[in-house]
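Novice: Structure of the sequence below:
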Amino acid sequence: MSLITLRDAQLAFGEHALLDGAALAVQDGERLGFIGRNGTGKSTVLKVIAGLTPLDDGEVQRRSGLRIAYVEQEPVIAPSATVSESLMERARTLAHAAACSAEELHGADRERWQLLSRLAEFLQRFGLDGNQSPHQLSGGERKRAALALAFASGPDLLLLDEPTNHLDIEGIATLEAFTQRVPAAIIVTHDRAFLDAIATRIIELDRGVIRSYPGNFAAYESRRDEEKVAEDLQRRRFEKFWAQEEIWIRKGVEARRTRNEGRVRRLERLRQERLERRDRVGSIKLALDAGERSGRLVAELTDVRQSFGGRTLISGFSTRIMRGDRVGLIGANGAGKSTLLRIILGQLTPEHGSVRLGTNLQIAYFDQMREQLDPEATLAEAISPGSDWITIGTERKHIMTYLGDFLFPPHRAKSPVRMLSGGERNRLFLARLFARPANLLVLDEPTNDLDIDSLELLEQRLQDYSGTLLLVSHDRRFLDNVVTQTIAAEGGGEWRAYVGGYTDWLRQRPQMRTSQPQTESPALAEAAPAPAKRAARPARLGYMEGRELAALPGQIEALEREQAEIGARLSQPDYRNGGVERIRADGERLNALTAELERCYARWEELEARRGAS
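Specialist: Numbering: from 1, shown residues only. Below you'll find the model as predicted:
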C-alpha cells in the first residue's frame, strides 16, 4: 500500500481552484521534489498531506500508523526556557493539529526522552545549542531547529517547505545528507542543485493538477520543454478552430438552419471551454538598464581587515574588481559576506587597509532583508513615488503596465506592501531595483522565494547584463550559471578569490584541515556522509593506475550510453504505464549513473594531471 494517496482532490481559495481533481500516490523509498509557480498552492498541498488542512472534496488515504514530520516555510518556535523545550512543545502541537489519536500521543510521551536525546544530536549537527533561548534565534536558525526536530522524530514521510531558504551551502549539504536517508519525502523547493541531488521523482502543481515526472530535476527539464511545445500547439489549433466557427455563426441565415443546429451547439461548447480554460501563469518580464559606463576600475581593496564583537571577519584581504566582472561571494552564515559588500561599496570604512572606488558608479542594491520597502506604501508608490510613469532605457511605461510585467494585476497597484507574500515581495523588489539604470548591480540573496521560472529568467538577464555584478547566494546552480569569479570565506577571517563559479571553487579550493578530530554519536555517524580519506600518492603513475586510466574512456562511454537509453525510454508516451517499480528503478539508476559519471570524470582528470606532471 502507498504511504499516502490523494484521489480526485478538490480545494479552492478565492478565484481559482488550487486542486482540481488532483491525484498523487507516494511510495516508500521515494523522494519527491515538489515544484510549481508561486501561488499555485504547493504549501497548501503539504498541509493537506500533513492533515492540517481539509479538502473541499476528494479523498486522502494514509497508511495505518504513518509517522509524518512537517516543516513549514517559516517555522514558529514557541517561547520557552530553551530551544529544546520549545521544540518538544512544537512536536506535541503538530501532533494535535494533525489529529493524532490519544494512543499515538501517549506513545509519543513514552518516547520523550529518546526523542530529546536524538534532538540534541541533530541540533548539534545543524550548528545549534539546545540550551539557548528561542527568542535569540534568527529566521535561519529557526528553520534549522525545526529541521533538527523533523529528522530526530524518525518520520516515515518527511514534508519540507522551502527548506534551503536561509541555509548556507554547508547547511544545505547537511540537509541533503539527512534527506537522502529518510524512508520517503516530499520537498517544496526552487533549489535545482538540491533537487538533482535528492529527488527520485519530480511532481509539478500546474493549474490545479499534479503532474509526475520520473527522475531528478535535469530529467524533468527535458520532458517539461516537450510538453510545453505540445500544449502551445494544441492551444493554437483550438484558437484557430474557435475563430473559424465564430466567423461562420456571424453569417446569419445559414447558421440558423435546422440542419446546422448541431454545429451551433458545438460552438456553444467551444465558447464555454474557452471561458473555463486556465492558461499557464505568465512569466515576469525583466529588463536591465546598465546606464552609463563606469570607469574601468570599479573597486580596489588593499589589505582590508575588519572585526566585529571581538571576532575577525576579514583578515588582510586584497582584490580588484573591474568593469564587467560578475563576482559571487560564498561563505557560511555570519562569515561576513554582507560586511565585505558594504566595504566594497564604500558604505563601511574598514578598521585597517584601504578601499579605492571607481568613477561614475550607479549602484542598485538588493538587500537580503528587503529593508528598502516601506510596508505601508502601495505597490505603485514603492516603484515610482509621485509619478505614474517610469523609463527603462529608451522605453517609457505606465506604472500599471510595469507592475503587470512582474505579474501584479492593476487592481493590486493600490494594495500595501505588507499584504504581499514572500515571493511577491521579492518580485516587487526586483521591479523597484530594475526601474532605475545601474552599472553596478549588488544582489544579496535574490533567489529566496522566487519560483524556478522566475529564477531562470533572472539568470538569463544577468548573463546579458553589461554592467558589473556582485552576487551573494547559496544557490549553487545559480552561481555556476551567472558569475565568472568567486570570492570565498575560507575560515578565520581569510578570504580568497577564484576564477569561475561554485563548482570551479570546489575544484580549486584547498582541502579543509581540522585542528583536532571530532567524534560523533552512532546516529550522526549513520546520518552524515563519512569524510573521504586521502592516502599519500606517488608522484608517478603506477602500472595498475596506468591501466585504470586507459580503461576509463570506455567506462565513461558505456555509462553515457546507458544514460541515453534510459532517457529515451523516459520520453516514450506510454512509459508511465510500466508500473511504479519500473519508474522508481529507472529513476534510481539515473541518479546512480550521474554519480558514477562524475566519479569517473574526476578520476580521469586526476590521473591525466598526474601523468602530465610526471
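
Novice: Mean pLDDT per helix and strand in the protein: which one sits at the bottom?
Specialist: Between all helices and strands in the chain, the lowest mean by mean pLDDT, DSSP states H and E belongs to helix 522-527, at a mean of 44.

Novice: Strands of the stretch 51-200 of the chain, residue ranges please.
Specialist: 57-62, 68-71, 157-161, 185-188 (DSSP state E, counting those that start in this stretch).

Novice: which is the next helix or strand following the least confident helix or strand of the chain?
Specialist: Downstream of helix 522-527, the first helix or strand assigned by DSSP states H and E is helix 543-570.

Novice: other SSEs contacting that next one?
Specialist: For helix 543-570, the contact count by 3 or more CB pairs under 8 Å, 6 or more residues apart in numbering; DSSP states H and E identifies helix 217-249, helix 580-613 as packing neighbours. C-betas here are computed from N, CA, C, even on glycine.

Novice: which of the residues in the longest one are buried?
Specialist: This means helix 580-613. Burial within helix 580-613, assessed by neighbour count using 16 or more other CB atoms under 10 Å, is assigned to 583-584, 586-587, 590-591, 593-594, 597, 600, 603-604, 607, 610.

Novice: okay, those in TSV with pLDDT next?
Specialist: Shown next, in TSV, are these (pLDDT from 0 to 100):
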residue	pLDDT
Ile583	77
Arg584	75
Asp586	80
Gly587	76
Leu590	80
Asn591	76
Leu593	83
Thr594	78
Leu597	77
Cys600	80
Arg603	81
Trp604	75
Leu607	78
Arg610	71
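
Novice: that older thread, could the strands of the stretch 51-200 of the chain be laid out in JSON lines, adding mean neighbour count?
Specialist: Conversion of the strands of the stretch 51-200 of the chain to JSON lines gives the following (neighbours: other CB atoms under 10 Å):
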{"stretch": "strand 57-62", "mean neighbour count": "14"}
{"stretch": "strand 68-71", "mean neighbour count": "24"}
{"stretch": "strand 157-161", "mean neighbour count": "25"}
{"stretch": "strand 185-188", "mean neighbour count": "25"}
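
Novice: Quick one, which of these gets closest to Ala148.
Specialist: Ala148 sits nearest to strand 68-71 of all those, at 9.8 Å, using CB to CB.

Novice: Check the offset of the closest one from the chain's centre.
Specialist: Relative to its chain's centre, strand 68-71 lies at 19 Å (CA atoms, centre = their mean, to the nearest Å).

Novice: Identify the residues contacting that strand?
Specialist: 46-47, 49-52, 62, 94, 98, 143, 146-147, 149-151, 153, 155-161, 163 (CB atoms under 8 Å, 6 or more residues apart in numbering).

Novice: lowest-confidence stretch among the helices and strands packed on helix 543-570?
Specialist: Among these, helix 217-249 carries the lowest mean pLDDT, a mean of 71.

Novice: then stretch 451-462 to PDB, C-alphas only?
Specialist: The C-alpha atoms that make up stretch 451-462 are tabulated as PDB, following Å, rounded to 0.1, in the frame of the first residue of the first chain:
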ATOM      1  CA  ASP A 451       9.900  30.100  -8.300                       C
ATOM      2  CA  ILE A 452      12.000  28.200 -10.800                       C
ATOM      3  CA  ASP A 453      10.700  30.000 -13.900                       C
ATOM      4  CA  SER A 454      11.400  33.500 -12.500                       C
ATOM      5  CA  LEU A 455      14.800  32.200 -11.300                       C
ATOM      6  CA  GLU A 456      15.800  31.000 -14.700                       C
ATOM      7  CA  LEU A 457      14.600  34.300 -16.300                       C
ATOM      8  CA  LEU A 458      16.700  36.300 -13.800                       C
ATOM      9  CA  GLU A 459      19.700  34.200 -14.700                       C
ATOM     10  CA  GLN A 460      19.300  35.000 -18.400                       C
ATOM     11  CA  ARG A 461      19.000  38.700 -17.800                       C
ATOM     12  CA  LEU A 462      22.100  38.700 -15.600                       C
END
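
Novice: Pull out the buried residues from it.
Specialist: Buried, per 16+ other CB under 10 Å, within stretch 451-462: 451-456, 458-459, 461-462.

Novice: Mean confidence (pLDDT) on that stretch, please.
Specialist: Mean pLDDT, taken over the full extent of stretch 451-462, equals 84.

Novice: Which residues does it contact?
Specialist: By CB under 8 Å, 6+ apart, the residues outside stretch 451-462 that reach it are 35-38, 190, 192, 283-284, 286-288, 326, 423, 427, 430, 441, 446-447, 450, 469, 471, 475, 478, 481-482.

Novice: quick one: Asp475 from Arg211, how far?
Specialist: In this view, Asp475 and Arg211 are 24 Å apart by CB to CB, to the nearest Å.

Novice: When the two are compared, which one has more neighbours?
Specialist: Neighbour count, other CB atoms under 10 Å: between Asp475 and Arg211, Asp475 has more, with 26 against 18.

Novice: That one reaches Asp191, doesn't it?
Specialist: Yes. Contact criterion CB atoms under 8 Å: Asp475 and Asp191 qualify, at 6.0 Å.

Novice: Overlap in contacts, those two.
Specialist: Common contact partners of Asp475 and Asp191 (CB under 8 Å, 6+ apart): Thr164.

Novice: Would you list the phi and psi of the nearest residue to Asn165 once chain neighbours are set aside?
Specialist: Among residues not flanking Asn165 along the chain, Asn448 sits closest, at 5.2 Å (CB to CB, 6 or more residues apart in numbering). When read as degrees, to the nearest 10, the backbone of Asn448 gives phi -60, psi 130.

Novice: Let me know the secondary structure of Ala9.
Specialist: State at Ala9, reduced to three classes by DSSP: H, G, I helix; E, B strand; the rest coil: strand.

Novice: correction: Ile390
Specialist: Once three-state DSSP is applied, Ile390 turns out strand.

Novice: where are the low-confidence patches of the stretch 401-550 of the chain?
Specialist: 422, 511-543 (pLDDT under 70).

Novice: what's near enough to touch the nearest residue to Ile556 once chain neighbours are set aside?
Specialist: Leaving aside its sequence neighbours, Ile556 sits nearest to Cys600 (CB to CB, 6+ apart; 5.1 Å). By CB under 8 Å, 6+ apart, the contact set of Cys600 is 552, 555-556, 559.
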